[in-house]
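*Asks:* please work out how this folds:
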Amino acid sequence: MRIMTIPCDGIGPEIVSATVEVVQAANERFNLGISFQEEEAGFVSLEKHGITLREEVLDRARSEFDGVILGTQSHMDYPPLSEGGRNVSAGFRIGLDLYANVRPAISRDLIENKAPGMDLVIMREATEGFYPDRNMYQGVGEMMPDPDMALSVRKITRHGSMRICREAFKLAMQRRRKVAAIHKANSFLMTDGLFLECFREVAKEFPQVETEELIVDAFAALLVRQPEKYDVVVATNFYGDILSDLASELSGSLGLAGSINANAETGLCCAQAQHGSAPDIATKNIANPTSLILSAAMMLSWLGEQRDNKPLSDAGKAMSDTIDKVLAEPANRTRDLGGTVATDQFGKLVASQLRA
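*Replies:* Take a look at the predicted model:
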């Protein structure tokens, strides 16, 4: 089994290194046969190759690897696309058609949080929506007809909506059998209207699952008021991005939020932290690698489920469980959680307990 690792920018190299150490521990304990190969993207690639993400990296990820561990990227600091500043995250999601961005938000009693009882998963469509760098065949979905006017195009397709809704219902069948669809169909009559139409159509295939349709602004308020009520939440790209960050922060911290981008049809999966590249603390060895470690755990579990491979599934669960055991001791936490443990130390702590 081959895993591609891409350190990228900011704290990316540090948290990827810590994550690989933990995955290697799981590899040894469960005899997974994992090998790692590092590739370049982000500023390192820009300086060396003139572009932040080369097509050959995507081609190799697609054809030669079982999964990808993707570090953080400093997209806002990249030059324009015409000068090589390609959005790395979007490049992977579009290039590998990783349409399902799976983002759990779980409140842990051992970590201070603002949403006791929260245990939900946001299924975010990741290949279209209001994101102009991925919703056109050629060019981008934003334009300026004149210096004082900017326009943005939103793309919602039946194909994209059907498949993300179906993945949401499949996940709900493994959990508490509830799915909430988030929309703004009272304003976006056609685009969100199409999404809801697809949601209702897929719901017919899963009569055992309870459904709910919620306007996005109302759901943001309800997420704060009654977070324990929700199980699986499905949303288009833009809504899902914002709401998953809100849910993760309410449940404790973005630094504790795992995330994968996956395609159930091709079996491709990419682990990626929910948070950004934090260039202000890069190279200081103080970043919290938990989000990426949990993302890698999710990737192993997902690959295990897709391939009916119990050791992979067990390895992913063991990684997640070990994170909780390590965090249960305040002295083991990184600075953002009130502790003093360095990035590399945290990875070694988790790896050591995982091997025990």
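*Asks:* which residues touch Arg154?
*Replies:* Listed by Cβ atoms under 8 Å, 6 or more residues apart in numbering, the contact set of Arg154 reads Gly129, Phe130, Asn135, Gly141, Phe188, Thr191, Phe238. (Each C-beta comes from the backbone N, C-alpha and C, glycine too.)
*Asks:* hmm, try it at 7 Å
*Replies:* For Arg154, the residues meeting the contact criterion (Cβ atoms under 7 Å, 6 or more residues apart in numbering) are Gly129, Phe130, Thr191.
*Asks:* OK, contacts around the closest residue to the last one other than its chain neighbours?
*Replies:* Meaning Thr191. Nearest non-adjacent residue to Thr191, counting by Cβ to Cβ, 6 or more residues apart in numbering: Ile156, 4.2 Å away. Counting by Cβ under 7 Å, 6+ apart, Ile156 touches Glu128, Gly129, Thr191, Leu194, Phe195, Thr236.
*Asks:* domain boundaries for this protein, per the record?
*Replies:* As assigned by automatic domain parsing, the chain contains the domains 1-103+255-356, 114-251.
*Asks:* the strands in the stretch 151-300 of the chain, which residues?
*Replies:* Under the criterion DSSP state E, counting those that start in this stretch, strands of the stretch 151-300 of the chain are mapped to 178-183, 210-215, 232-235, 260-263, 268-272.
*Asks:* just name the most buried of these.
*Replies:* Using mean count of other Cβ atoms under 10 Å, the stretch among the strands of the stretch 151-300 of the chain with the greatest mean number of neighbours is strand 232-235 (a mean of 28).
*Asks:* what number of residues lie near Ile69?
*Replies:* 25 (other Cβ atoms under 10 Å).
*Asks:* kindly provide the distance from it to Ser251.
*Replies:* As judged by Cβ to Cβ, to the nearest Å, Ile69 and Ser251 stand 23 Å apart.
*Asks:* between the contacts of Ile156, which sits nearest Ile111?
*Replies:* Thr236 (29.8 Å; Cβ to Cβ).
*Asks:* residues contacting the closest one?
*Replies:* Glu125, Gly129, Ile156, Phe195.
*Asks:* how about a cut-off of 6 Å?
*Replies:* By Cβ atoms under 6 Å, 6 or more residues apart in numbering, the contact set of Thr236 is Glu125, Gly129, Phe195.
*Asks:* pretty sure Ser295 sits against Leu256.
*Replies:* No: proximity of Ser295 to Leu256 does not meet the contact threshold set by Cβ atoms under 6 Å, at 11.1 Å.
*Asks:* now do the phi/psi pair for the residue lying farthest from the centre of the chain.
*Replies:* The C-alpha centroid of the chain is most remote from Asp146, which lies 36.1 Å away (Cα atoms, centre = their mean). Main-chain dihedrals, Asp146, degrees, to the nearest 10: phi -150, psi 170.
*Asks:* do you know the pLDDT at it?
*Replies:* Model confidence at Asp146, given as pLDDT, is 97.
*Asks:* could you give the bridge partners of it?
*Replies:* Per DSSP bridges, the residues bridged to Asp146 are Met149.
*Asks:* next one: it from Leu81, what distance?
*Replies:* For Asp146, the distance to Leu81 - Cβ to Cβ - is 22 Å.
*Asks:* quick revisit: between the contacts of Arg154, which has the most around it?
*Replies:* Using other Cβ under 10 Å as the neighbour test, the contacts of Arg154 are led by Gly129, with 25 neighbours.
*Asks:* give me the nearest residue to Pro116, chain neighbours excluded.
*Replies:* Nearest residue to Pro116 in three dimensions, chain neighbours excluded: Ser107, at 5.8 Å (Cβ to Cβ, 6+ apart).
*Asks:* now that neighbour: how far from Met144?
*Replies:* According to Cβ to Cβ, Ser107 stands 43 Å off from Met144.
*Asks:* please list all residues in contact with Met136.
*Replies:* Contacts of Met136 by Cβ under 6 Å, 6+ apart: none found.
*Asks:* same thing but at 8 Å, please
*Replies:* Applying Cβ under 8 Å, 6+ apart, we find Met136 in contact with Val153, Lys155.
*Asks:* just to be sure, it is in a strand?
*Replies:* No: looking at Met136 with DSSP: H, G, I helix; E, B strand; the rest coil, it is coil, so not inside a strand.
*Asks:* dihedrals phi and psi, it?
*Replies:* phi -130, psi 150.
*Asks:* A helix includes Asp321, no?
*Replies:* Yes: counting by three-state DSSP, Asp321 is located in a helix.
*Asks:* in contact with it, which residues are there?
*Replies:* By Cβ under 8 Å, 6+ apart, the contact list for Asp321 is empty.
*Asks:* relative to Ala61, how far out is it?
*Replies:* Using Cβ to Cβ, Asp321 is found at 28 Å from Ala61.
*Asks:* what about the contacts of Thr236, which are in helices?
*Replies:* Phe195 (DSSP state H).
*Asks:* can I get the contacts of Thr236 in a markdown table with pLDDT?
*Replies:* Formatted as a markdown table, the contacts of Thr236 follow (pLDDT from 0 to 100):
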| residue | pLDDT |
| --- | --- |
| Glu125 | 98 |
| Gly129 | 94 |
| Phe195 | 98 |
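*Asks:* can you list the contacts of Thr236 in JSON lines and add distance to Arg103?
*Replies:* Converted to JSON lines, these look like this (distance: Cβ to Cβ, whole Å):
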{"residue": "Glu125", "distance to Arg103": "12"}
{"residue": "Gly129", "distance to Arg103": "15"}
{"residue": "Phe195", "distance to Arg103": "18"}
